[in-house]
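> Have a look at this prediction, sequence included:
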Amino acid sequence: MIISRSPLRISFAGGGSDLSPFVDLYGGSVLNATIDRYAYCTIEDSNSYSTNVPEIVDHCVKLVGHGKPNIKITLYSETDHGSGLGSSSALVVACLSALGYTDNKQKLAEAAIHVERELCGFPGGKQDQFATTFGGFNYIEFLPNGTNIVSPIILPYEIKRKLQYSSVLYNIGVSRTNNRVIERNIAGLKDDPQMIEQTKQLVNNCSQALQYIVTGNIKQLAETFKDNWQIKSDLHSGITSNPFQEVKEIGLQNGALGAKICGAGGGGHLLFAVNPKRRSDLLLALEPLPGHVEYFDFTSQGFETWTQ
């Protein structure tokens, strides 16, 4: 059996600036980190070809050029689709890796983008594929000429742990079940001057967040979360509507310094920045709510493949 796994990610800033056509005209940047939640692909010998996710796997098999051999390919994730943690991209990367497409991280991420956006026709950006492939903390720049630059962020242990204990990831209990939010943003980025300017603000917000991540300045990082929330709200009210708004307000009343949505919004996860001294207050306040806290660790490893 071949097993491949790719980590999910949380996005600190810049998400949305990696969407076409904005990124093709102006470029974009994102700041993210992988966590110890994974998407998996397993390949087993079989009497015939089969898979549980043909809409992804069939395209991956064709791209790799294997035809349809007598194997069983199974994809599964430790979080639901629409979680805002990049699970769809992690599944594609895991599948391509298990099929032996390439060990080159840059080429693997770009192939995953091709599979998702062009072959499968799934709307979205480009950050998730690079995050899950490279692993760790990364500042990723997308240039208008199509060049993608991944800059790993090597943090001292003390700052990394500070970020760990200053972050609370909350699953609101509702998954984004369709792509209307993403599709509306893409449509607006074609010809809406206001949306274009607001997305440029996301790029500036990302540059600021990078400074605060590197220095471990949680208070200022939380301010970029607040700015991000306002920009996303201006882009599309559905992104930050209830239950996000309600959970955010409860968090801010109980020790959170700021909050941002992970992913496109409309469902999924909320990331809080919190003073570590008030972390327990925040956790207690969130406990009675319908969702649940996702306890996680940051990881430094991207995709992995092995046999057993």
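That came through fine.

> In the helix or strand hosting residue 212, which of the residues would be classed as buried?
According to DSSP states H and E, residue 212 maps onto helix 193-215. Buried residues in helix 193-215, counting neighbours by 16 or more other Cβ atoms under 10 Å, are found at 195-196, 198-206, 208-210, 212-213. The C-beta positions use only the backbone N, C-alpha and C, and glycine is treated the same way.

> And for stretch 277-287?
Using 16+ other Cβ under 10 Å as the burial criterion, the residues of stretch 277-287 that qualify are 279, 281, 282, 283, 285, 286.

> now stretch 72-92
The neighbour-count check on stretch 72-92 (16+ other Cβ under 10 Å) flags 72-75, 77-79, 82-92 as buried.

> Can you check my assumption that residue 138 lies in a helix?
No: with DSSP: H, G, I helix; E, B strand; the rest coil as the criterion, residue 138 is located in strand rather than a helix.

> Would you tell me what the next helix or strand after the helix holding residue 212 is?
Following helix 193-215 in sequence order, the next helix or strand is helix 218-235 (DSSP H and E).

> Tell me the residue in the chain that is farthest from the middle.
Distance to the chain centre peaks in the chain at residue 47, reaching 36.2 Å (criterion: Cα atoms, centre = their mean).

> Check the secondary structure at that one for me.
Following three-state DSSP, residue 47 is assigned to coil.

> Which stretches in this protein count as helices?
All helices of the chain, identified by DSSP state H, fall at 22-26, 54-64, 87-98, 105-113, 127-134, 157-165, 180-191, 193-215, 218-235, 244-252, 279-286.

> out of those helices, nearest to residue 43?
The stretch from the helices of the chain with the least distance to residue 43 (Cβ to Cβ) is helix 87-98; that distance is 5.3 Å.

> what about the closest one, average pLDDT?
If you average the pLDDT over helix 87-98, you get 97.

> Give the rounded mean pLDDT of stretch 229-242.
Across stretch 229-242, the average pLDDT comes to 77.

> now the end-to-end length of it.
One end of stretch 229-242 sits 13 Å from the other (Cα to Cα, to the nearest Å).

> what's near enough to touch the residue nearest to residue 226 when sequence neighbours are not counted?
Of all residues not flanking residue 226 in the chain, residue 258 sits nearest, at 4.7 Å (Cβ to Cβ, 6 or more residues apart in numbering). When contacts are counted by Cβ atoms under 8 Å, 6 or more residues apart in numbering, residue 258 touches 221, 222, 223, 224, 225, 226, 229, 252, 272, 273.

> Next, count neighbours for residue 242.
Residue 242: 10 surrounding residues under other Cβ atoms under 10 Å.

> quick check, distance from stretch 87-98 to the centre of its chain.
13 Å (Cα atoms, centre = their mean, to the nearest Å).

> Output that stretch as PDB, nothing but the C-alphas.
Output in PDB follows, covering the C-alpha atoms of stretch 87-98 (Å, rounded to 0.1, in the frame of the first residue of the first chain):
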ATOM      1  CA  SER A  87      -8.600  20.400   2.600                       C
ATOM      2  CA  SER A  88      -9.500  20.100  -1.100                       C
ATOM      3  CA  SER A  89      -6.000  21.200  -2.200                       C
ATOM      4  CA  ALA A  90      -4.400  19.000   0.300                       C
ATOM      5  CA  LEU A  91      -6.300  16.000  -1.100                       C
ATOM      6  CA  VAL A  92      -5.100  16.800  -4.700                       C
ATOM      7  CA  VAL A  93      -1.500  17.100  -3.500                       C
ATOM      8  CA  ALA A  94      -1.700  13.900  -1.600                       C
ATOM      9  CA  CYS A  95      -3.100  12.100  -4.600                       C
ATOM     10  CA  LEU A  96      -0.500  13.400  -7.000                       C
ATOM     11  CA  SER A  97       2.200  12.600  -4.600                       C
ATOM     12  CA  ALA A  98       1.000   9.000  -4.000                       C
END
